[in-house]
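> Generate a structure from the sequence data that follows.
(chains A and B)
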Amino acid sequence: MIDWPLVSVIIFLPLIGALIILFIKEDELTSINIKWAALLATLGTFILSLILWLQFDYSNPSYQYEEKFRWFDDFNFFYHVGVDGISLFMILLSTFLTPLCILASWNNIKKRVKEYMLSFLFLETVMIGMFASIDILLFYIFFEAVLIPMYLIIGIWGGNRRIYASFKFFLYTLLGSVLMLIAIIVMYRNSSSMSIEFLQGNYFSYNTQLFLWLAFFASFAVKIPMWPFHTWLPDAHVEAPTAGSVILAGVLLKMGGYGFIRFSLGMLPEATEFFIPLIMTLSIVAIVYTSLVALAQTDIKKLIAYSSVAHMGIVTIGIFLVNQQGLEGAMMQMISHGLVSAALFLCVGVIYDRMHTREIEFYGGLVQRMPLYATVFMIFMLGSVGLPGTSGFIGEFLVIVGAFKFSSYVVIGAAFGIILSAVYMLYLYKRIIFGTITNNKLAEILDINTREKIILIPLAISVILLGIFPNLFLDPMRLSLELIITNYEIANAK
Amino acid sequence: MLNNIYNIFFIPEIFLACSSFVCLLFGLFLKKNTFRQTSNLAVFVLLLTILLVYYDSESNFANYKSLFSHSSFINFFKILALLGSIASIIISKDYFLGIKLKNFEIPVLFLFSTLGMMLMIASNNLMSMYLAIELQSLSLYVTAAIKRDSISSAESGVKYFILGALSSGILLYGFSLIYGFTGSMNFDDISFYLSKYDNLNLGLIFGLVFVMVGLAFKVSAVPFHMWTPDVYEGAPNSITGFFAIVPKIAAVALIYRFCLVPFENFYLEWSQIILFLSIASMFLGAIAAIAQSNIKRLLAYSSIGHIGYILIALVAANDDGIKAASIYMFSYMIMNVAVFAILLSLKVKNEYLINISDLKGLSKSNPIVSLSISIIMLSMAGIPPFIGFFGKFYVFIAAIEQELYVLSVLGVLASVISAFYYLRIIKIMYFDESKSEGIINFQISFQSKIILSLSLFVIICFIFYPSLLINLSASLTI
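Numbering: from 1, shown residues only, chains lettered A, B, ... in the order given. Sure, this is the predicted structure:
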């Protein structure tokens, strides 16, 4: 194995890049240096995180690459980071998407390039740090610190209603996470430990579990987001710049799912058992309702934002089935959604950069002028629908297989949602890509350029790779998920 | 005998008192640059006093046992108050020169009020407590009104004086009731007397309530906060900085000692009052600040909100509570020093900054300053990884240790509301497009720059090595 602190290097490399950028003076000429510095830092992080995957021990369900040293003297708080099968792909997703985001903003961010890159690099550090932390306080600090760069990204570089959207995003998520802080302190008081590993084996009394569960739910349900706590998402997505939407959909929403697996399932099994019907109901409502809402949207970004809520509904169903297929499906769905929705937002960004509008009405017949664009867009659209051979299929299929063990009503709800997703995505595709060009302004539109190819093609390849070789991704996470399920069943069998 | 006299002079309070008179004479006889030189001397005196407090031994206090007490908690808060005074004298120097308010009495008055605060923190007797409060308040009343030709300054001084005198009267009445029913003025004696009883009788309860009202006024807890925004607004900015940074430290230490020493066994009686004050302060501080357009009023409400959190730790009334209060007070002082260091150096069209909306466009003309303000604001809102988060975190640990779940949840809800107005300042600096660029000037003297950098360093880097402060505050005994 590796004898140097790989995880910490991955966490703090972007921050070091940010510090370097801080000392580059920004003007017309140097802004390109700033962009290159940011790109190199994030690419370096991505390559290092690939080592994480290559050296990963598939037969070990618990944390690997652990680093631990004392941080606070008086409590049992540690700087404790490590990676297991669940967090591995979340980290990879973050490190993969951030360089793409930097590339995507290469030309269309013209003001305050320095602050923009600083925000993104800081954001990457806190995202990776959050997925890698094994100490619950460390997790919380990273979890809440995510709000700072995201608030700035939406607020400074966003659209017309960016101020409203950034405040709504910040306060909504803050409200959820401060309740989690109380829950964390209560957990600490009951167990005298802040280690996630230790708390997963700890037993809290039933009533305590119920309250703790609700507090964690408040935080993660807002983050993931579940219906009816999703209202911040469409606003944030629509107003955020393209790269902001990519990170928001690609990684930040996964923080909720990750939290449900780690905390609700791992630490509060009995309360989870109690609340499963609630989650299932909310998820099915989310899937059906937001799919219908998506169908009625006139703004492309808003449509994709609502589809995210629907896809996340599948994820929550998968997680709270608490069986092997369900959890694996949920994880696959999260990874797939991270890639697909990120790619869809990037695709919207491509035409938005050219035409500066996201109205569906405005477009039509793009295939005539942009054949390559139409092709990659189709791959992602089909990935979102869940066509066999793309990543979306694996997740949805596994969740539905798992759901049969639980209740056929849930299966009907989830399947109905999947059909609806095909309806709104295909309808969207038809309206903007097919047909003849009716709008004169589109007559001169250009196909994707080299930079955009560099962004979109790796995403398209990974979407297909995920669909054809799912075991590449499922094998590393299998044992870690099994461990969580076993613990859960033992706790509930008592 | 000679040895004794020698020792007495090295008691920090006596040293500070004598040195303040020396400063006064120094300023009186100096011909040129009186204000600047007196300020420098005052800073020097305060630095020496810190050393004396640090090396202070308990034996020095043997002769004053009935009046003053000596403990690690007291010393910690004394040093905090002294540091706060040093910082606020340094950061306000250029401001005073800028508005041509060059009375050399100002640093001397600051010294006297700091002396009053040190005595307040240490007092162990109702009488010495009252006199100490009066010493610091009278100096503050004068400083609030020091800009004689300004109506608003005079108004704030008068308001402060009238309301302060009222609260002192209430306090004194409470003291008389407590003295009448226990027969003693000394905290230890009162505590000993009360330990024989299970309940407080009606007279003592009245006395306790009156004293609480008086103390709540001094810490500006809701509903006795009315003076704070007005006084903050009317006084010159640098005086406001002093008000925000230092007297709160002393008043908080005093309310802690008063509740936890003589009335330690009657937790149920006083904790209800503090509980109400705490919740009301948090929410009023959070909600009233939203509508403010004047940065000083906003900071006034923000300080009211912070007092609410510190009172949560008092309701918890355990060792964790004392620890939390020390950490919170430290972070409060650092954040306020940083914010006022910036505020006293910002000029809009040659006027010192008052309106929040004037910050518009600062992020373009002065990126480093606006980044600093943003960090301070996020820290005040309690967003990790800055120091403000740890203050709140320890307060909630203390509260949950005492099973005050409802109070904790209310506390975090108020912190979400208050996050709004802190974010609004960031919004104005970063999100709002400004048409008139470059009208904001940032001029800062070398000394203030050091203070500002140090406090920003602490705010940002506290997370990397928290143990220093936390171990220290864990070892404090009241």
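> Next, give phi and psi for the residue of the stretch 301-450 of chain A found nearest chain B.
Per C-beta to the nearest C-beta, A:His356 is where the stretch 301-450 of chain A lies closest to chain B, at 18.0 Å. Bear in mind the C-beta positions are built from the backbone N, C-alpha and C, glycine included. A:His356 adopts backbone torsions of phi 60, psi 40, taken as degrees, to the nearest 10.
> What pLDDT is listed against it?
A:His356 is assigned 85 on the pLDDT scale.
> gap between it and A:Lys110?
Distance of A:His356 to A:Lys110, given as C-beta to C-beta, to the nearest Å: 13 Å.
> and if you look at B:Asn441?
Following C-beta to C-beta, the distance that separates B:Asn441 from A:Lys110 is 27 Å.
> Least confident secondary structure element in chain B?
Using mean pLDDT, DSSP states H and E, helix B:2-9 stands out as the lowest-scoring helix or strand of chain B, at a mean of 66.
> Could you identify the helix or strand that succeeds that helix?
helix B:12-29 (DSSP states H and E).
> number of nearby residues for the residue of the stretch 301-450 of chain A closest to chain B?
Counted with other C-beta atoms under 10 Å in any protein chain shown, the neighbours of A:His356 add up to 9.
> With the one 5 residues further on instead?
The number of residues packed near A:Glu361 is 11, by other C-beta under 10 Å.
> residues in the stretch 51-200 of chain A within reach of chain B, list them.
A:71-74, A:112, A:115, A:140-141, A:144-145, A:147-148, A:151-152, A:155-156, A:162-163, A:166-167, A:170-171, A:174-175, A:178-179, A:181-182, A:185-186, A:188-189 (C-beta under 8 Å from any C-beta of the partner chain).
> Among those residues, name the ones in helices.
A:115, A:140-141, A:144-145, A:147-148, A:151-152, A:155-156, A:162-163, A:166-167, A:170-171, A:174-175, A:178-179, A:181-182, A:185-186, A:188-189 (DSSP state H).
> mind checking the longest helix of the chain?
Answering for chain A, as no chain was given. The helix that spans the most residues within chain A, counting by DSSP H, is helix A:324-355.
> My question was about chain B, not that one.
Per DSSP H, chain B has its longest helix at helix B:151-182.
> Phi and psi next, for A:Ser195.
When quoted as degrees, to the nearest 10, the phi and psi of A:Ser195 stand at phi -80, psi 130.
> and it, what is it in contact with?
Contact analysis of A:Ser195 by C-beta atoms under 8 Å, 6 or more residues apart in numbering or on different chains lists A:76, A:78, A:80, A:134-136.
> Return the two entries of those that lie farthest from one another.
Pairwise distances across the contacts of A:Ser195 peak at 12.4 Å for A:Asn76 and A:Ile134 (criterion: C-beta to C-beta).
> Show me which of those two is the more surrounded one.
A:Ile134 (26 against 16).
> Check what pLDDT that one gets.
As predicted, A:Ile134 sits at a pLDDT of 91.
> from the stretch 251-400 of chain A, which residue is nearest to chain B?
A:Met255 (14.9 Å).
> contacting residues around that residue?
A:127, A:130, A:143, A:146, A:220, A:223-224.
> Okay, and A:His80 sits in which element?
Here A:His80 is assigned to strand A:78-83, by DSSP H and E.
> Now do that strand, average pLDDT.
90.
> try stretch B:273-290
Per-residue pLDDT over stretch B:273-290 has a mean of 93.
> and it with chain A, contact?
No. Stretch B:273-290 stays clear of chain A (C-beta under 8 Å from any C-beta), getting no nearer than 11.7 Å.
> For chain B, which residues are neighbours of chain A?
B:363, B:367, B:378, B:383-385, B:389, B:393, B:396-397, B:400-401, B:405, B:408-409, B:412-413, B:415-416, B:419-420, B:423, B:426-427, B:430-431, B:463, B:466-467, B:470-471, B:474.
> which residues are contacting the helix or strand hosting A:Ile11?
Here A:Ile11 sits within helix A:6-22, counting by DSSP H and E. Helix A:6-22 is contacted from outside by A:34, A:37-38, A:40-42, A:44-45, A:48-49, A:51-52, A:65, A:67, A:81-83, A:91, A:95, A:98, A:114, A:117-118, A:121-122, A:124-125, A:128-129, A:132, using C-beta under 8 Å, 6+ apart.
> tell me the angle of that helix relative to strand A:78-83?
Going by axes from the mean of the first three to the mean of the last three C-alpha atoms, to 10 degrees, helix A:6-22 is angled at 100 degrees with respect to strand A:78-83.
> C-terminal to helix A:6-22, what's the next element?
Counting by DSSP H and E, what follows helix A:6-22 is helix A:31-54.
> Could I get the buried residue list for that next one?
A:31, A:34-35, A:37-39, A:41-42, A:44-46, A:49, A:52 (16 or more other C-beta atoms under 10 Å in any protein chain shown).
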